[in-house]
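Student: let me see the structure of the following:
(one chain, ligands or ions: 1)
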Amino acid sequence: MTSRLIPVAPFVLTVFGATGDLSRRKLIPALFHRDLDGQIPDDATIIGVSRRSLSDEEFRAFARQALIDHIPTGELEGSPVERFLSRLSYVAADADTDPGWSELASRVSAQDDKIPVYYLATAPHLFGPICDKLGKYGLAEKGRVVIEKPIGKDLKSALALNEQVGRIFPEERVYRIDHYLGKETVQNLMALRFANALFEPLWNNAHIDHVQITVAEALGVEERAGYYDTAGAMRDMVQNHILQLLCLVAMEPPSSLDADAVRDEKLKVLRALKPVDEHNVAAITVRGQYRAGASAGGAVPGYLEELGSTRSQTETFVAVKAEVENWRWAGVPFYLRTGKRLASRVSEIVVAFRPVPHSVFGEAVGPLEPNRLVIRLQPDEGVKLWLMIKDPGPGGIRLTHVPLDMSFAKAFKVRNPDAYERLLLDVVRGNQTLFMRRDEVEAAWRWVDPILEAWRNAKEPPRPYTAGTWGPSAAIALIERDGRTWLEDGA
Ligand code: BG6
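Tutor: Predicted coordinates:
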């Protein structure tokens, strides 16, 4: 496989928040993997920045530990680790004060033949101050800036944040990461839809009954409770990851994979979402919060115990019946749900087709199950197409519902790269297709804000659910009222 990978152009990547969690768990391992596959040119360098006072050697030791913790041992043998670590250096600097910035500026400008990338792996309130400093020290002129969600906590704060970043970096050099867009299967969704003639003619309300998007996590909020309590599942997962998945399912075929062609189509979907407000919020949304229960065979605490509080009304579960109001999707519900501490970790999109109009098989065979296309993001990424086929054997026709099942791990026998590996190199390539444009983020908030407001005004606490289950019973009622049922594991 390695021989097919094309190295990117030389870059100098500065990671702010370099000793933080995102850098340790995701960015350093992702860069190492790309290096291992020969995609990082010899003269590319990585500068770590944070407030901690560290020498280059100490930062390399930190990065070495990150690799030991997050890369399988077999891949760490031999010289690639030393080659990778030799790319790293470190500067201590604070977003609010000047010391360290001249040093950073001279290190970056000493490499002005390379593409400068600034990854802000920091708390969002530092995005503005860091961009200002990058501007002040002359680092923004050619640079690309990468920021992560949460991009604001509502439309107003998102506008302010985009404005602050936009004062220094033009939109074509701002890369807003939604790591779901870097996942292999998410891109496969585009491949399935637009590289096959099979699905597109059926991809509309004449043939699709409904769509389900589930992003279920078995873990609780654990040590992230402090952040999570200010966000909740709607801001943490629905506003970004789940709406992005919905966009990829629902968008019109773009004219090309050009970044703006794809993002224009996604934006149209976001703008076509049927508004949810105080008039319909109770009927089509459910919010929940987990109580103590069991997960992976052990007892686990409830959200409030993890938070160390008795009062929070933050939701750890959301289900919404969304609708895309356009010709293609009129009348097709998109049932969305996500939650922490659910029964298992499973993220998938189920496209449920309509039943056949008439059964020629007679009553003895029983009802015919409709076809379903299941795109599984995790775990074991893959695609299943559920079909009715004849049960093998003599004795008349019996039908059975079985999946044509393609697990990517089995089919391709290659390691599935982490989303950050692809996204980091796309920044260097200057390809924004898999990054959220400013107006997309703002359109997503325009849909989410009235829901949050309606919940606030209703003053109803989130519905409790036991950890290790599929969420509050009201979420089951939400879909069963429509004569449908949540499909777990695409079954
Ligand atoms: C993050 C959320 O964006 O995505 C987390 O902030 C969540 O709360 C995570 O756990 C899920 O990502 P993944 O890739 O593990 O599905």
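
Student: same question for whichever strand or helix holds Glu421, mean pLDDT?
Tutor: Under DSSP states H and E, the secondary-structure element containing Glu421 is helix 419-429. Helix 419-429 shows a mean pLDDT of 97.

Student: same check, this time on stretch 368-381
Tutor: 92.

Student: check stretch 434-445 too.
Tutor: Here the average pLDDT along stretch 434-445 is 97.

Student: likewise for stretch 156-176?
Tutor: So the average pLDDT for stretch 156-176 ends up being 97.

Student: flag every buried residue along that stretch.
Tutor: For stretch 156-176, the neighbour count (16 or more other CB atoms under 10 Å) marks 158-159, 161-162, 165, 168-169, 173-176 as buried. Bear in mind the C-beta positions are built from the backbone N, C-alpha and C, glycine included.

Student: quick one, phi/psi of the residue nearest the centre of the chain?
Tutor: The centroid of the chain falls nearest to Tyr180 when counting by CA atoms, centre = their mean (2.4 Å). Here is the backbone geometry of Tyr180 (degrees, to the nearest 10): phi -60, psi -30.

Student: doesn't Leu245 make contact with it?
Tutor: Yes - using CB atoms under 8 Å, Tyr180 is in contact with Leu245, at 6.5 Å.

Student: who touches both of these two?
Tutor: Common neighbours of Tyr180 and Leu245, using CB atoms under 8 Å, 6 or more residues apart in numbering, are Val186.

Student: need phi/psi at the residue in the chain positioned nearest to the ligand.
Tutor: The nearest approach of the chain to the ligand comes at Asp236, 4.7 Å away (CB to the nearest ligand atom). Phi and psi for Asp236, reported as degrees, to the nearest 10, are phi -70, psi -40.

Student: over to Ala66?
Tutor: Per degrees, to the nearest 10, the backbone of Ala66 is at phi -60, psi -40.

Student: offset the numbering so it begins at 48, please.
Tutor: Got it, the first residue is 48 from now on, which makes the last one we talked about Ala113.

Student: distance of it relative to Phe131?
Tutor: From Ala113 across to Phe131, the span is 11 Å (CB to CB, to the nearest Å).

Student: give me the more crowded residue out of the two.
Tutor: Phe131 (23 against 19; other CB atoms under 10 Å).

Student: which helix or strand contains that one?
Tutor: Applying DSSP H and E, one finds Phe131 within helix 127-132.

Student: before we move on, what about Pro197?
Tutor: Going by DSSP H and E, Pro197 is not in any helix or strand.

Student: for it, what are its contacts?
Tutor: Here Pro197 is in contact with 171, 278, 282-283, 287 (CB under 8 Å, 6+ apart).

Student: run the last query once more with 10 Å
Tutor: Pro197 makes contact with 170-171, 204-205, 208, 274, 277-278, 282-283, 286-287, according to CB atoms under 10 Å, 6 or more residues apart in numbering.

Student: so which pair among these is furthest apart in space?
Tutor: Across the contacts of Pro197, the longest distance by CB to CB is 17.6 Å; it joins Ala170 and Gln286.

Student: neighbour count for these two, which is higher?
Tutor: Ranked by neighbour count (other CB under 10 Å), Ala170 and Gln286 place Gln286 first, with 28 against 12.

Student: tally of neighbours for the residue lying closest to the more buried one once chain neighbours are set aside?
Tutor: Among residues not flanking Gln286 along the chain, Val495 sits closest, at 4.7 Å (CB to CB, 6 or more residues apart in numbering). For Val495, the neighbour count with other CB under 10 Å is 21.

Student: packing partners for the worst-scoring helix or strand of the chain on mean pLDDT?
Tutor: None of the helices or strands of the chain scores lower by mean pLDDT, DSSP states H and E than helix 455-459, at a mean of 77. Counting contacts by 3 or more CB pairs under 10 Å, 6 or more residues apart in numbering; DSSP states H and E, helix 455-459 packs against helix 231-241, strand 429-437.

Student: let's have those in CSV, adding mean neighbour count and distance to the ligand.
Tutor: Formatted as CSV, the helices and strands packed on helix 455-459 follow (neighbours: other CB atoms under 10 Å; distance: least, CB to the nearest ligand atom, whole Å):
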stretch, mean neighbour count, distance to the ligand
helix 231-241, 18, 10
strand 429-437, 18, 16
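
Student: what's the mean pLDDT across whichever helix or strand comes after the helix holding Phe131?
Tutor: Once the chain leaves helix 127-132, the next helix or strand it forms, by DSSP H and E, is strand 135-139. Computed over strand 135-139, the mean pLDDT rounds to 98.

Student: which residues are contacting strand 135-139?
Tutor: Taking CB under 10 Å, 6+ apart as the rule, strand 135-139 contacts 61-62, 65-66, 75, 78, 92-107, 109-111, 146-155.

Student: show me what whichever helix or strand Glu104 is part of is packed up against.
Tutor: When elements are assigned from DSSP H and E, Glu104 belongs to helix 103-117. Where contact means 3+ CB pairs under 10 Å, 6+ apart, helix 103-117 is packed against helix 75-83, strand 92-97, helix 127-132, strand 135-139.

Student: how about the CA coordinates for that helix, as CSV?
Tutor: C-alpha atoms of helix 103-117 as CSV (Å, rounded to 0.1, in the frame of the first residue of the first chain):
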residue,chain,number,x,y,z
ASP,A,103,13.3,20.4,22.8
GLU,A,104,14.5,17.2,24.4
GLU,A,105,11.8,17.2,27.1
PHE,A,106,9.1,17.7,24.4
ARG,A,107,10.5,14.8,22.4
ALA,A,108,10.4,12.6,25.5
PHE,A,109,6.7,13.6,25.9
ALA,A,110,6.1,12.8,22.2
ARG,A,111,7.9,9.4,22.6
GLN,A,112,5.6,8.5,25.5
ALA,A,113,2.6,9.5,23.4
LEU,A,114,3.7,7.1,20.7
ILE,A,115,4.3,4.3,23.3
ASP,A,116,0.8,4.9,24.7
HIS,A,117,-1.0,5.1,21.4
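
Student: and it, is it in reach of the ligand?
Tutor: No - if you take CB under 6 Å from any ligand atom as the test, helix 103-117 misses the ligand, and the best it gets is 13.5 Å.
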